[in-house]
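>>> Return atomic coordinates for the entry below.
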Amino acid sequence: MTDYVLAIDQGTTSSRAIIFDKAGSIVSTGQLEHEQIFPKAGWVEHDPAEIWRNTGEVIGQALGKANLTRHDIAAIGITNQRETAVVWDRTTGEPVYNAIVWQDTRTQPIVDRLAADGGVERFKQQVGLPLATYFSGTKIVWILENVPGAREKAEVGDLLFGTTDTWVLWNLTGGVDGGVHATDVTNASRTMFMDLETLQWDDEILAAFGVPRSMLPEIRSSSEVYGVANEHSLLRETPIAGILGDQQAATFGQAAFETGEAKNTYGTGNFLIFNTGEEIVHSKNGLLTTVGFKLGDQPVHYALEGSIAVTGSLIQWLRDNLGLISSAAEVEELAKSVDDNGGAYFVPAFSGLFAPYWRPDARGALVGLTRYVNKGHIARAALEAIAFQTRDVIEAVNADAGVDLTELRVDGGATANDTLLQFQADILGVPVVRPVVAETTALGAAYAAGLAVGFWSSLDELRANWQEDKRWTPSMDEAERARLDRNWKKAVSKTLDWVDDDVA
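This next block holds a predicted model:
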């Protein structure tokens, strides 16, 4: 009896397999972190082979913990870190280089070269994105230009590109032995190569980048059967039936299916998505226009997105680089040891600033320091940085949408932090709401897969699964909110224009 759906969540720091029941509740989880590789300042890489090995292992963990087999799983959904680029040899299945991660900034010279003719918004009308190191298109170009033999192999059709959903799908369906080379519209919309209206690769843009079309996966909807797991998988013959980029998946898992609904995910970075329905809305305030989801042959839904590069990874940095805490959970207790930030503001522009600023020349800064500031204040400033950056993005969403957001639905690992979410409500001046199932990214992928095979019958059934767990209401007066925001924006201004030609 196929009573469950399994979601593979291939994230920035770990890969997970989560099994859900009909009510959208978690039955079991498997999780493994993978190595974060930093060869140079601004470079961030992952080992695709490690990611694939871990994917198989976490599937086994999840099945084993729940005492289930493939016969209990109706479908598999995949969600993933969206802009991370993998290029591999179609005949050997071996990556030609490490995966270049979405946070990586090495491609700024390629961005500058492409922007020399038409500026950073050269392709924005077609693809909804500014030219930036964030997206996977320039990462492919870097591999073609810097890995010996890559350009030649690509030109004769021997190399394949994919974001990590495509890499997992190709391997899970057989790899060199008939693997399916496909992605969904949400991931395709993050390459800089997909036309938002046609939902197809744009040949003129590919030519401008110098990327052969033969490298690119087929673009499919977010909810359909792409293939089945191959005979070597614990899930053999199980249909793989849903793919959504992680932030779109979280939006889907939050049941934000209608125009005007939104969510904010607190992960390695923060990502706010605002559903604009079947209308393409071009931002005038530093947001991205992206695909929200497409279910089978139904109309595509679009969205505005505010992408923030460094939020949860700032807490990781406090742990791993400074040794200020020994686990991420400790940051809340440390922050609660003081009443406020002591005048300190932390702008974590480690990869430049993403939305709404789009300033690759920015670098991180801890400002407002006095002898009074201690490690509690720094921990608090780090947490507050997550909320301040979210406020910046929501101000842009409100301006683009022409109507103010009245509450914010949140999810992701950092939403376990009550101190953060109370400050988030305070600095926004609107309620913040966390659902019972905070793992909405994996849940969204499960929903997309389950809908494709009839495990769930409709969006209404999924809406009925959503339940509120906790709500934080603002308790800060408007004058204090304005003072803090003014100081935050002053702190942001101190991070700009840092990178010169001779500064990494």
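>>> Please identify the residue most distant from the middle of the protein.
Arg371 (37.7 Å; CA atoms, centre = their mean).
>>> That one in helix, strand or coil?
Secondary structure assignment for Arg371 (DSSP: H, G, I helix; E, B strand; the rest coil): coil.
>>> And it, how far from Leu169?
Note on Arg371: its distance to Leu169, by CB to CB, to the nearest Å, is 55 Å. In short, each C-beta sits where N, CA and C put it, glycine included.
>>> Asn398 too?
For Asn398, the distance to Leu169 equals 37 Å [CB to CB].
>>> ok, the two, which is more surrounded?
Leu169 (27 against 14; other CB atoms under 10 Å).
>>> That one: what's its closest spatial neighbour, skipping adjacent residues?
Val180 (5.7 Å; CB to CB, 6 or more residues apart in numbering).
>>> Buried residues of stretch 430-442, list them for me.
Buried residues in stretch 430-442, defined by neighbour count with 16 or more other CB atoms under 10 Å: Val430, Val432, Val433, Arg434, Pro435, Val437, Ala438, Glu439, Thr440, Thr441, Ala442.
>>> Going by distance to Pro148, which of these wins?
Thr441 (36.7 Å; CB to CB).
>>> wait, doesn't the closest one sit right on Gly253?
Yes. With contact defined as CB atoms under 8 Å, Thr441 reaches Gly253; the gap is 6.3 Å.
>>> shared neighbours of those two, anything?
Asp411 (CB atoms under 8 Å, 6 or more residues apart in numbering).
>>> Am I right that Asn487 is in a strand?
No. Looking at Asn487 with three-state DSSP, it is helix, so not inside a strand.
>>> What does the pLDDT read for it?
At Asn487, the model reports a pLDDT of 97.
>>> Does it touch Phe346 like I think?
No. Using CB under 8 Å, Asn487 is not in contact with Phe346; the gap is 11.9 Å.
>>> Please identify which of these two sits among more neighbours.
Neighbour totals were compared for Asn487 and Phe346, and Phe346 leads with 25 against 17 (other CB under 10 Å).
>>> ok, now which ones touch that one?
Leu314, Gly364, Ala365, Leu366, Ile378, Ala381, Ala382, Glu384, Ala385, Ala491.
>>> re earlier: which single one of the buried residues of stretch 430-442 is nearest to Thr191?
Of all the buried residues of stretch 430-442, Thr441 has the smallest distance to Thr191: 19.9 Å, by CB to CB.
>>> Tabulate the buried residues of stretch 430-442 (TSV), appending pLDDT, distance to Asp158 and secondary structure.
Converted to TSV, the buried residues of stretch 430-442 look like this (pLDDT from 0 to 100; distance: CB to CB, whole Å; DSSP: H, G, I helix; E, B strand; the rest coil):
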residue	pLDDT	distance to Asp158	secondary structure
Val430	92	52	coil
Val432	95	49	strand
Val433	93	49	strand
Arg434	93	47	strand
Pro435	91	45	strand
Val437	84	43	coil
Ala438	80	43	coil
Glu439	85	38	coil
Thr440	89	39	helix
Thr441	92	33	helix
Ala442	95	34	helix
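>>> which two from those residues end up farthest apart in space?
Largest pairwise distance in the buried residues of stretch 430-442, by CB to CB, is 26.6 Å, between Val430 and Ala442.
>>> neighbours of Thr186, just the number please.
Applying other CB under 10 Å, I find that Thr186 has 33 neighbouring residues.
>>> next one: Leu304
27.
>>> Shouldn't it be within a strand?
Yes. Per three-state DSSP, Leu304 lies within a strand segment.
>>> List the residues that contact it.
By CB under 8 Å, 6+ apart, the contact set of Leu304 is Ile273, Phe274, Thr276, Val281, Ser283, Leu287, Leu288, Thr289, Thr290, Val397, Asp400, Ala401.
>>> Please apply the same query to Gly364.
Val310, Phe346, Val347, Pro348, Ala349, Phe350, Thr495.
>>> Next, the nearest residue to the fifth one once chain neighbours are set aside: secondary structure please.
Spelled out, it's Ala349. Distances taken as CB to CB, 6+ apart put Ala362 closest to Ala349, at 3.9 Å, once the chain neighbours are dropped. At Ala362 the chain is in coil, as set by three-state DSSP.
>>> Quick check, Ala362 in contact with Phe350.
No. At 9.3 Å, Ala362 does not count as touching Phe350 under the criterion of CB under 8 Å.
>>> Tell me which of those two has more neighbours.
A count of neighbours by other CB under 10 Å puts Ala362 above the other of Ala362 and Phe350, at 24 against 19.
>>> got the contact list for that one?
Going by CB under 8 Å, 6+ apart, Ala362 touches Val347, Ala349, Gly352, Leu353, Val492, Thr495, Leu496, Trp498, Val499.
>>> Okay, it and Glu152: tell me how far apart.
The gap separating Ala362 from Glu152 is 37 Å, by CB to CB.
>>> What of His232?
31 Å.
>>> for Leu369, same thing?
53 Å.
>>> Which one of these two is surrounded by more residues?
Higher neighbour count among Leu369 and Glu152: Leu369, with 14 against 11, using other CB under 10 Å.
>>> is it true that the more buried one touches Ala344?
Yes. With contact defined as CB under 8 Å, Leu369 reaches Ala344; the gap is 6.0 Å.
>>> hey, where'd the helices end up in the stretch 401-504 of the chain?
Along the stretch 401-504 of the chain, the segments classed as helices by DSSP state H, counting those that start in this stretch run 418-428, 440-452, 459-465, 478-493.
>>> helix or strand for the residue nearest to Leu420 when sequence neighbours are not counted, which one?
Leaving aside its sequence neighbours, Leu420 sits nearest to Leu383 (CB to CB, 6+ apart; 4.9 Å). Secondary structure from DSSP states H and E places Leu383 in helix 375-401.
>>> What are the neighbouring residues in contact with Glu384?
Asn341, Tyr345, Phe346, Phe423, Ile427, Leu484, Trp488.
>>> ok, 6 Å please
Counting by CB atoms under 6 Å, 6 or more residues apart in numbering, Glu384 touches Asn341, Phe423.
>>> ditto for Ala328
Ile315.
>>> which SS class is it?
Once three-state DSSP is applied, Ala328 turns out coil.
>>> I believe Ile59 is in a strand; please confirm or correct that.
No. Counting by three-state DSSP, one finds Ile59 to be helix, located in no strand.
>>> Quick check: it touching Ala17?
Yes. Ile59 is within contact range of Ala17, at 4.6 Å (criterion: CB atoms under 6 Å).
>>> Comparing these two, which residue is more hemmed in?
The neighbour comparison of Ile59 against Ala17 (other CB under 10 Å) goes to Ala17, with 29 against 25.
>>> How much space separates that one from Pro299?
From Ala17 across to Pro299, the span is 31 Å (CB to CB).
>>> And for the nearest residue to Val176 once chain neighbours are set aside, the neighbour number?
In this structure, Val176 finds its nearest non-sequential neighbour in Gly93, 4.6 Å apart by CB to CB, 6+ apart. Residues near Gly93, counting by other CB under 10 Å, number 17.
>>> quick one: Gly93 and Asp177 touch, right?
No. Between Gly93 and Asp177 there is no contact under CB under 6 Å: 9.1 Å.
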